[in-house]
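**Q** build the 3D model from these lines:
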Amino acid sequence: MNLNSKTMVMVLAYNVEKTLEKTYNAVPDTLKNCVVVGDNCSQDRTSEIARQLGIRTIRHEQNFNYGGNLKRLMKTFLDEGGEVAVELHGDFQYDPSLTDLMVEYVSRGYFDMIQGSRIRSRSEALAGGMPLYRYICNRIMTLGQNVWFGTVFGEWHSGLRAYSRRLLEAAPLNTFSDTHAFASDIMMFAVANGFWVAEVPCPAKYEQESSSVPLPKLFDYALKTLASAMKYPPGARLPLKPMLRKTDAFLSSKS
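**A** Residues are numbered from 1 along each chain as shown. Predicted coordinates for the structure are as follows:
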């Protein structure tokens, strides 16, 4: 790992031989040595290409699904003493060039989780190629989660995120879903338990190589998200945790 040897850029990869190189090339130079590819038992040349690029690669012996892959990379991150972990998809759907900005927000102590939001307006999201059914489902679910948790996030379902160590140490990762519902599980846990969560605008584009959850699986995702939300009744949200040291110093200087 680079950046004070405390950052890991966790690239989730499954059959991304066509997009892995451009994803890696778009990662800021300061973070290239931090990249670790989690190859979820790809059936193509994903691992071979990763090694040709000189990227550290962890190839799973079976496909553990989105959440299962991410859990294993997070465990590696924690075992190696990392401080900031970044989740990035290897299909080039999210802009990798934003990762260093997101790392800075976390490493400077402002947030425990910061995510890239694809949705600032309907026209902007659809212009990037987001399928209409995904946009509609995202809007409905995000509205419901915002009302339930008392938040105003642009979306709850991003695949580009940076995490603090204290959040990942506290989160019961093994209880979260191995499916794409992991994304909602960890964010709901963070919000409900007083961790600092924020978002930044993130352009996303959907191309032929981009992964996309089919409509039937979106219903399964929605049901799992609903079930997880029931663990956190409205009004049971814990107060925000004390800010991390650097932000505290700024606030105290203003008082």
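
**Q** C-alpha from now on. contacts and neighbour counts both.
**A** OK.

**Q** Thr57 is in contact with Arg51, correct?
**A** Yes - look at Arg51 against Thr57 with CA atoms under 8 Å: they come within range, at 7.0 Å.

**Q** just want to know which of these two has more residues nearby.
**A** Thr57 (20 against 12; other CA atoms under 10 Å).

**Q** other residues contacting the one helix or strand that one maps to?
**A** For Thr57, the element it lies in under DSSP states H and E is strand 56-59. Residues outside strand 56-59 that contact it (CA atoms under 8 Å, 6 or more residues apart in numbering): Val35, Val36, Val37, Gly38, Asp39, Asn40, Cys41, Ser47, Ala50, Arg51.

**Q** and the strands in the chain?
**A** 7-13, 35-39, 56-59, 84-89, 113-117, 161-164, 197-201 (DSSP state E).

**Q** can you list those in TSV and add distance to Glu155 and mean pLDDT?
**A** Shown next, in TSV, are the strands of the chain (distance: least, CA to CA, whole Å; pLDDT from 0 to 100):
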stretch	distance to Glu155	mean pLDDT
strand 7-13	20	98
strand 35-39	25	98
strand 56-59	30	97
strand 84-89	16	97
strand 113-117	6	94
strand 161-164	12	98
strand 197-201	9	94
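
**Q** in a markdown table: those strands, plus distance to Cys137.
**A** Shown next, in a markdown table, are these (distance: least, CA to CA, whole Å):
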| stretch | distance to Cys137 |
| --- | --- |
| strand 7-13 | 23 |
| strand 35-39 | 28 |
| strand 56-59 | 32 |
| strand 84-89 | 20 |
| strand 113-117 | 15 |
| strand 161-164 | 20 |
| strand 197-201 | 19 |
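
**Q** just confirm Met141 contacts Ala222, I think it does.
**A** Yes - between Met141 and Ala222 there is a contact under CA under 8 Å: 7.4 Å.

**Q** so how far is Arg72 from Asn138?
**A** Asn138 sits 26 Å away from Arg72, going by CA to CA, to the nearest Å.

**Q** in the stretch 1-150 of the chain, which ranges drop under the pLDDT threshold?
**A** For the stretch 1-150 of the chain, the stretches with pLDDT under 70 are 1-5, 120-125, 127-128.

**Q** let's see that with 80 instead.
**A** 1-5, 120-131 (pLDDT under 80).
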